[in-house]
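Asker: Sequence first, then the predicted structure, then my questions.
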Amino acid sequence: MTSSAPSPLRLGFDETRTKVVLRTDQASYSDLVKLAARYSSGSQRGKLAAEVDLEDFLAHLTLVNEWPDLAAVSFDADLRALAEGSVRDAQAVESRLDAGRQGMEVAGEVSPHEVAPRLGAAWQAPLTEFQTRDIAKLLSIRHGANFSVPGAGKTRTAMAVYAALREEGKVRRLLVVSPKSAYEAWREESEGCFTVPLRISLFERRPDQGAEVLLVNYERLYRYQAELADWMSAVPTLMVLDEAHRMKLGVRGTYGSTCMALGPLAHHRLILTGTPAPNGAKDLESLLSFVWPGHGRRAVDKAVAGGDLVHASKVLRPLFTRTTKKELGLPPVDIRARYVDLPAAHRKLYSALRGEAVGGDLAEQEELARLGKVLVYLMMASTSPALLAKGLDRFEPLPFQVPPLRLPIDSRLSELLRDLPQYETSPKYEAVLRTVAENAREGRKTLVWSTFVRNLTTLGGALAKFNPAIVHGGTADRDEQIRRFRQDPDCMVLLSNPATLGEGISLHHVCHDAIYVDRDFAAGRFLQSLDRIHRLGLTADTHTRITVLVASGTIDEVIHERLGHKLNFMASILDDPSVRELADPEEEVAPWGMDRADLNALMDHLRGPG
């Protein structure tokens, strides 16, 4: 009697390294179909192959044990290494969460007192008590997350983690994925932290094989994934995602899918962001999925399942470090919403525009795009009707283009749009001019934020006597403009937008006043921009003042309310009351970041009474 041939199952990565391909022979095809069906992401890939999302595969690795002949299951070497590491990571995650639930310490934890000796003789930078604490925790786990508030020194903390891992021989290279605006901080920390600065290279088309630190922005990841994979695979590498919320969509987004593909090649992974969940738990799931593929998402799902976010925060706390605003010892920030009333004609134009925007019966994707443009038009109209007539500047940091508002020439809205800009000045512009002038008389510089480039250039002209610096996507001499604001005593105002300058730049030594002409629904971007002038290094007597301009009865009020809700959510999920404080500023009177609740709020505004 002859024994039947083994049922082969060969497992390996696909070309993107974000999926696992399962292959077999004709005789075992039905077994392959059954196995693939057990995975929620399983699908057929040709006659004798199936594929499963990498995260789904790692999260349900034990399903492979259901193959009829385990002896005939084979893994490609790199997938096997990842799977074995994933099992160890899963055990580490569960161990930390169990210890946290029981109020116990995890065995083998690094003590803060052990940090300094681990950094090596080349380390020279001072560390705060909370940075040392965070470094100790990050060295206690193979992969980690630092959710400390902006301005807490996350870059230095990451450099220290790298120094310790390098000293132990665990890594020899550092890949940093970050916005371009953060490059300056990484260069400065390299020079300040080590007696001999690390060799840093900016990635262009090919990675510098001699570089110890390679900086690359999120926009370049997808195009050069293969080149970066080769550079990481050459020697053990620590991969850091700075401002990691940029890949919050996970495998559903271009940035996230590439990060998820490159992550498994790193011997150690670390994410840095002060705003890990600006729009909800899904953001946090994606981030922790990069740190622990297959297990991070499951940990968040389990923790948040009951709906008690404070409880969820305490459950997840063993998986991340976070320094709060209170721990920084910063002087308090004075955040005020200043309401302005639109003049009668301006109000009529806004109401007419809102009425025109209601209606339409489109497919969901078309409807989302239409509502995104409606939001832009309403934001424009709440500030200056002149913006509607011109449309968007080509350097606008927006996900889509919005043309000038075109209307029948004989319509009432068209008449208002044509005449209003000629004889009325935006009340928001007037508020900005008045505030900047008052600050200048006190010798205080002012940072003015607006989404729209045309607002920046218009205000730049109106504020000419204060020698303004202007930075937006089309600014050729960005570094010079920032230098002028920092160093020129006659340059009393900097105008920029949060999408361009909201991350990576420190202005707190020269500026303590900021004005928001307008805001969108992106809570994370708002928090990031706040921290350009309110961060570590301020003296105890510094008075930081934030003014948010809100046009009464407009989309501004909707955005103000929704941002408050999101900041409250982050406060709950991070167990950090300091975030919640920003959600309820003291008021003088009683597409961007939009989620489904934002869209519903926008629709309610459109349908509401004029």
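Answerer: Right, received. Where do you want to start?

Asker: if I read this right, I546 contacts L530, doesn't it?
Answerer: Yes. Shown here, I546 and L530 form a contact pair, counting by CB atoms under 8 Å, at 6.5 Å. Every residue, glycine included, has its C-beta placed from N, CA and C.

Asker: Which residues are in contact with each of these two?
Answerer: 333, 335, 514 (CB atoms under 8 Å, 6 or more residues apart in numbering).

Asker: Now flag whichever of these is closest to M594.
Answerer: Lowest distance from M594 to the shared contacts of I546 and L530 (CB to CB) belongs to I335, with 22.7 Å.

Asker: could the shared contacts of I546 and L530 be laid out in CSV, adding secondary structure, pLDDT and distance to R172?
Answerer: Below are the shared contacts of I546 and L530 laid out as CSV (DSSP: H, G, I helix; E, B strand; the rest coil; pLDDT from 0 to 100; distance: CB to CB, whole Å):
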residue, secondary structure, pLDDT, distance to R172
V333, strand, 86, 41
I335, strand, 88, 45
A514, strand, 97, 42
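
Asker: closest to R562 among those?
Answerer: I335 (16.4 Å).

Asker: Count the neighbours of that closest one for me.
Answerer: Neighbour count of I335, defined by other CB atoms under 10 Å: 21.

Asker: Repeat that for the one 10 residues further on.
Answerer: Using other CB under 10 Å, A345 has 14 neighbouring residues.

Asker: State the distance from it to A431.
Answerer: According to CB to CB, to the nearest Å, A345 and A431 sit 18 Å apart.

Asker: and if you look at T451?
Answerer: On the measure of CB to CB, T451 and A431 end up 16 Å apart.

Asker: More neighbours: which of these two?
Answerer: Using other CB under 10 Å, the more surrounded residue of T451 and A431 is T451, with 25 against 16.

Asker: That one belongs to a helix?
Answerer: No. Looking at T451 with DSSP: H, G, I helix; E, B strand; the rest coil, it is coil, so not inside a helix.

Asker: how much space between it and H543?
Answerer: 27 Å.

Asker: next one: L58
Answerer: 50 Å.

Asker: out of the two, which sits in the busier spot?
Answerer: L58 (25 against 12).

Asker: The particular helix or strand that has the more buried one in it - contacts with which helices or strands?
Answerer: Under the criterion DSSP states H and E, the helix or strand holding L58 is helix 54-59. Packing partners of helix 54-59 (3 or more CB pairs under 8 Å, 6 or more residues apart in numbering; DSSP states H and E): strand 19-23, helix 77-101, helix 296-304.

Asker: In terms of residue numbering, what are the domains of the protein?
Answerer: Annotated domains of the chain cover 9-75, 82-323, 333-340+426-593, 344-423 [automatic domain parsing].

Asker: Indicate which one of these is closest to M603.
Answerer: domain 344-423 (7.5 Å).

Asker: if you average pLDDT over that closest one, what comes out?
Answerer: Domain 344-423 carries an average pLDDT of 63.

Asker: again with stretch 450-460
Answerer: Averaged across stretch 450-460, pLDDT comes to 90.

Asker: The nearest residue to V216 once chain neighbours are set aside and N568, how far apart?
Answerer: Residue nearest to V216 in three dimensions, not counting chain neighbours: F203, with 3.9 Å by CB to CB, 6 or more residues apart in numbering. To N568, F203 is 38 Å away according to CB to CB.

Asker: Pick out whichever of these two has more residues nearby.
Answerer: F203 (21 against 17).

Asker: thought that one was touching Y224?
Answerer: Yes. Using CB under 8 Å, F203 is in contact with Y224, at 7.1 Å.

Asker: Need the overlap of contacts for the two.
Answerer: Common contact partners of F203 and Y224 (CB under 8 Å, 6+ apart): V216.

Asker: what's in contact with stretch 13-31?
Answerer: With CB under 8 Å, 6+ apart as the test, stretch 13-31 has contacts from 5, 7-12, 32, 35-36, 45, 47-54, 57, 67-68, 76, 78-79, 225, 229, 251, 257, 260-262, 264.

Asker: mind running it again at 7 Å?
Answerer: 7-12, 32, 35-36, 45, 48-54, 57, 67-68, 76, 78-79, 251, 257, 260-261 (CB atoms under 7 Å, 6 or more residues apart in numbering).

Asker: now do stretch 53-65
Answerer: By CB under 7 Å, 6+ apart, the residues outside stretch 53-65 that reach it are 18-20, 35, 38-41, 73, 83, 86-87, 251, 289, 293-295, 297-298.

Asker: So what's the model's average confidence on that stretch?
Answerer: On average, stretch 53-65 scores 85.

Asker: could you dump the helices and strands packed on helix 54-59 to CSV with mean pLDDT?
Answerer: Formatted as CSV, the helices and strands packed on helix 54-59 follow (pLDDT from 0 to 100):
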stretch, mean pLDDT
strand 19-23, 93
helix 77-101, 80
helix 296-304, 74
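
Asker: Could you dump these into CSV and include mean neighbour count and distance to T237?
Answerer: Output for those, formatted as CSV (neighbours: other CB atoms under 10 Å; distance: least, CB to CB, whole Å):
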stretch, mean neighbour count, distance to T237
strand 19-23, 22, 22
helix 77-101, 16, 14
helix 296-304, 21, 20
